[in-house]
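In: Coordinates only, no sequence provided:
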């Protein structure tokens with residue numbers, strides 16, 4: 001009724017607005033007729049007198065008024081600008097209408113295939129339709145304002161006295177006959193455009209209003225069904241399976257199948273047409289993963305180091321990681337859209353199974369592979385059964401057979417393949433769940449719990465598929481990170497290896513944790529308990545609580561802790577991504593470890609600030625906490641804070657780098673790590689000395705490699721004879737040694753001379769502080785060999 005009333009009011013307004021333009025047309029037509037009738041009658045020239053009024057209206061004034069009318073009518077072109085946008089709106093409204101019809105039919109028919117997932121999807125679609133219709137109504141109101149504004153401009157023309165005088169005076173009508181004829185043609189076009197655009201806007205507004213009303217009504221119906229589904233599914237929904245009812249089959253199976261598939265396809269297309277951003281994000285994730293692996297393989301190939309990854313024995317990634325990228329996307333797809341239509345979820349799971357089949361065909365024993373193929377067949381039959389449109393009894397009977405076969409398959413796999421499952425205990429658990437849920441589906445089917453039967457049956461299949469996919473996902477992601485570590489080390493020209501088994505174990509633990517979270521979320525979603533459970537937990541976490549005047553929520557506290565944990569986790573393991581494993585970075589003399597330390601500090605500070613912002617803690621409360629901390633610092637935390645601040649100063653002051661050779665007190669060695677509280681020194685004996693940062697800054701220390709990594713080495717020889725030629729040849733030998741700095745000349749001095757011997761002092765610069773003893777040994781060996789070859793005795 002509101003819609004019809006709205007159309008009536010707008011129509012009445014439209015007739016009123018059009019009344020004056022029709023009068024204008026009538027008068028213009030009459031003026032032309034009178035002008036034609038008066039053409040043969042003689043005209044009496046006007047009398048001119050020197051005493052005439054000079055303020056009389058001239059012909060130019062009349063033409064200017066007619067020109068203003070033309071200018072107003074020419075503005076009508078602006079009315080046609082919204083027409084393409086309105087046509088697009090109408091096309092979108094057709095899609096909205098189609099979705100509304102399908103949802104209304106399925107809700108009114110009490111479709112037995114409806115589940116909590118369907119209702120949640122319907123709610124999302126109806127909210128989107130409501131959002132679209134509201135947006136359309138806002139735009140249409142703007143277009144309607146433009147049309148009404150133009151109508152008001154035309155109505156204002158009647159206030160022009162010169163135009164009214166032309167229409168009343170036959171002589172003036174005859175004088176401006178040509179202009180009036182043009183004006184009449186122009187007006188007809190303008191009037192037609194106004195009618196067309198007004199009708200288009202009003203009809204589209206009516207459709208939009210109707211969609212808003214219908215969408216609101218359907219949302220209320222969906223909400224009611226959602227609230228009652230939880231209690232309804234545990235009650236008896238249908239007859240017992242052993243009671244054969246009398247059924248009447250009105251439609252053929254093929255007709256019902258086509259109807260179901262067509263309905264599901266249309267609703268799925270509409271759903272993803274309005275939520276395609278999530279799919280684009282999923283696709284982007286897969287592309288990033290693909291090019292990440294591709295780049296690392298290409299980097300190794302470019303440097304001729306592909307053999308360096310043979311020991312890793314990669315099974316799931318290769319230089320063109322299409323398989324690994326598909327596994328990543330298909331495992332993450334349900335997580336990106338938990339309320340997606342059933343046909344989309346079934347398609348994703350089937351694609352995941354097809355992708356895994358390609359891998360299992362090469363790796364699984366034939367016996368297990370055949371069981372996997374039987375599992376796929378059962379999954380496809382169960383998915384298609386939902387759309388066959390069989391009578392209720394035969395539909396349940398078919399589900400009973402499929403679930404029973406699934407139970408037998410699960411029991412056979414668990415009993416006869418225990419050895420193959422030992423490496424993957426979680427797979428045994430999932431196979432057990434698959435068997436258990438299919439057994440529960442059989443029981444629920446027997447006793448008329450149809451919805452529970454569908455939930456348990458589909459959950460058992462999806463849980464097993466997701467588990468198999470996530471196991472491959474874990475290995476693929478772990479291998480990708482190992483490849484990243486090795487390629488980073490190759491790019492930094494690290495020649496020594498690393499304990500990849502230990503690194504793989506650490507990475508795998510992290511990936512397993514996130515995979516388990518994904519599995520739990522998808523599992524709860526398939527059981528239709530995720531939204532109620534998350535809503536219940538969300539209410540508990542978001543409830544405001546107080547201790548005195550301090551207000552907080554459990555969610556804010558948990559979020560604060562999680563963000564701090566994530567920041568600390570990234571700070572701890574970010575070095576893996578750049579190939580820094582702890583010991584290797586001390587062999588790099590350019591100090592990239594210090595840059596990595598700055599990155600770790602930034603991660604920690606940003607994580608702390610994000611944690612505060614996300615937790616919702618008030619700034620005044622934070623100042624109270626900081627005040628309490630300052631009291632604690634004043635009482636007993638001075639040293640800790642001193643070491644922390646000293647660590648930040650060391651990082652940014654850059655007087656100490658990771659890899660520098662230093663002497664701090666009685667300790668000498670290379671800097672292995674600079675952390676927030678302390679720094680670690682690796683001595684030549686292999687001991688790791690942990691020195692507080694405050695101690696380093698408050699005492700003098702020697703940095704042998706602050707600006708350059710050279711160190712001066714001295715050698716002493718006592719020979720029985722010496723000559724200038726011999727000293728020149730020794731200098732030539734020193735320059736040929738690999739660890740001697742060529743830019744700085746070696747020096748040979750005669751220290752003491754006796755009647756029987758001469759003591760020579762040889763000085764040279766070693767390129768690397770850490771190779772001082774090696775360079776000394778090489779120099780002693782080379783000079784001693786030369787002297788012995790010359791017959792010179794060394795004492």
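Out: Received, thanks. Note that this is a predicted model, so its numbers are computed, not measured.

In: Averaged over its residues, which helix or strand of the protein has the lowest pLDDT?
Out: helix 2-37 (a mean of 42; mean pLDDT, DSSP states H and E).

In: could you point out which element follows that helix?
Out: helix 59-74 (DSSP states H and E).

In: For that next one, which helices and strands make contact with it?
Out: Judged by 3 or more CB pairs under 8 Å, 6 or more residues apart in numbering; DSSP states H and E, helix 59-74 is in contact with helix 116-155, helix 161-168, helix 170-175, helix 177-232. Every residue, glycine included, has its C-beta placed from N, CA and C.

In: where does the stretch 201-350 of the chain have low pLDDT?
Out: 227-238, 244-265, 268, 272-276 (pLDDT under 70).

In: could you redo the last one with a cut-off of 90?
Out: Where the stretch 201-350 of the chain drops to pLDDT under 90, the residues are 201, 205, 207, 211, 214-282, 299-315, 333-349.

In: That one: helices as residue ranges?
Out: Assignment of helices within the stretch 201-350 of the chain using DSSP state H, counting those that start in this stretch yields the ranges 253-273, 276-302, 322-336, 342-363.

In: What residues of the last one count as buried?
Out: Of the residues in helix 342-363, those buried by neighbour count under the rule 16 or more other CB atoms under 10 Å are 342-346, 348-350, 352-353, 355-356, 359-360.

In: Packing partners of whichever helix or strand comes after that helix?
Out: For helix 342-363, the following helix or strand on the C-terminal side (DSSP H and E) is helix 366-385. Contacts defined by 3+ CB pairs under 8 Å, 6+ apart place helix 366-385 against helix 342-363, helix 392-416, helix 450-491.

In: what about the last one, distance to the chain center?
Out: Here helix 450-491 is found 18 Å from its chain centre; the criterion is CA atoms, centre = their mean, to the nearest Å.

In: orientation of it relative to helix 392-416 in degrees?
Out: 40 degrees (axes from the mean of the first three to the mean of the last three CA atoms, to 10 degrees).

In: Counting by contacts, list what the following helix or strand past helix 450-491 packs against.
Out: Later in the chain than helix 450-491, the nearest helix or strand by DSSP H and E is helix 500-526. When contacts are defined as 3+ CB pairs under 8 Å, 6+ apart, helix 500-526 packs onto helix 322-336, helix 450-491, helix 530-542, helix 554-577.

In: Now the first one: buried residues?
Out: Along helix 322-336, the positions that meet the burial threshold by neighbour count (16+ other CB under 10 Å) are 323-334, 336.

In: Compile those into TSV and extend it with columns for distance to residue 289.
Out: What follows is the buried residues of helix 322-336, written out as TSV (distance: CB to CB, whole Å):
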residue	distance to residue 289
323	11
324	7
325	5
326	10
327	10
328	5
329	8
330	12
331	11
332	10
333	14
334	17
336	14
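
In: Closest one of those residues to residue 469?
Out: Nearest to residue 469, judged by CB to CB, of the buried residues of helix 322-336 is residue 331 at 4.8 Å.

In: Report the contact partners of the closest one.
Out: Residue 331 makes contacts with 352, 466, 469-470, 473, 518, as judged by CB atoms under 8 Å, 6 or more residues apart in numbering.

In: These, buried ones only, as a PyMOL selection?
Out: Buried residues within the contacts of residue 331, by 16+ other CB under 10 Å, are selected in PyMOL with:
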select buried, resi 352+466+469+470+473+518
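
In: and which of the contacts of residue 331 is nearest to residue 77?
Out: Among the contacts of residue 331, and counting by CB to CB, the member closest to residue 77 is residue 352, at 55.5 Å.

In: so what's residue 460 up against?
Out: Residues near residue 460 by CB under 8 Å, 6+ apart: 406, 433-438, 441.

In: Just the buried residues of the host helix or strand of residue 735, please?
Out: Here residue 735 is covered by helix 724-736, with elements defined by DSSP H and E. Residues of helix 724-736 classed as buried: 726, 730-731, 733-734 (neighbour count, 16+ other CB under 10 Å).

In: Figure out how far that helix is from the centre of its chain.
Out: The answer for helix 724-736 is 66 Å, by CA atoms, centre = their mean.

In: Same check on stretch 728-737?
Out: Distance of stretch 728-737 from its chain centroid, counting by CA atoms, centre = their mean, is 63 Å.

In: Touching it from outside, list them.
Out: With CB under 8 Å, 6+ apart as the criterion, stretch 728-737 contacts 740, 742, 745-746, 748, 760, 762, 764, 775, 778-779, 782-783, 786.

In: Pick out the most distant pair among those residues.
Out: Of all pairs drawn from the contacts of stretch 728-737, the greatest distance, 21.5 Å, lies between 742 and 760 (CB to CB).

In: And the two? Which one has more around it.
Out: More neighbours surround residue 760 than the other of residue 742 and residue 760, with 22 against 11 (other CB atoms under 10 Å).

In: what pLDDT, on average, does the one helix or strand that one maps to get?
Out: Element membership for residue 760, per DSSP H and E: strand 758-766. For strand 758-766, the mean pLDDT works out to 86.

In: Please work out which residues outside the helix or strand that that strand is followed by touch it.
Out: Using DSSP H and E, the helix or strand that directly follows strand 758-766 along the chain is helix 772-789. With contacts defined as CB under 8 Å, 6+ apart, helix 772-789 is touched by 711, 713, 715, 717, 719, 729-730, 733-734, 736-740, 762, 764, 766-767, 794.

In: Buried residues of helix 772-789, list them for me.
Out: Residues of helix 772-789 classed as buried: 772, 775-776, 778-779, 783, 787 (neighbour count, 16+ other CB under 10 Å).

In: Next: stretch 643-662.
Out: 643-644, 646-647, 650-651, 656-662.

In: need the helices and strands packed on helix 59-74 in TSV with distance to residue 565 and mean neighbour count, can you?
Out: Putting the helices and strands packed on helix 59-74 into TSV (distance: least, CB to CB, whole Å; neighbours: other CB atoms under 10 Å) gives the following:
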stretch	distance to residue 565	mean neighbour count
helix 116-155	31	18
helix 161-168	80	15
helix 170-175	89	17
helix 177-232	35	16
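
In: For residue 284, which of these is the nearest?
Out: helix 116-155 (22.1 Å).

In: Counting by contacts, list what the closest one packs against.
Out: Here helix 116-155 touches helix 2-37, helix 59-74, helix 83-108, helix 177-232, helix 253-273, helix 342-363, going by 3+ CB pairs under 8 Å, 6+ apart.

In: Model confidence for the residue nearest to residue 326 when sequence neighbours are not counted, exactly?
Out: Once flanking residues are discounted, residue 326 sits nearest to residue 355: 4.9 Å by CB to CB, 6 or more residues apart in numbering. pLDDT for residue 355: 93.

In: same thing with residue 436?
Out: At residue 436, the model reports a pLDDT of 92.
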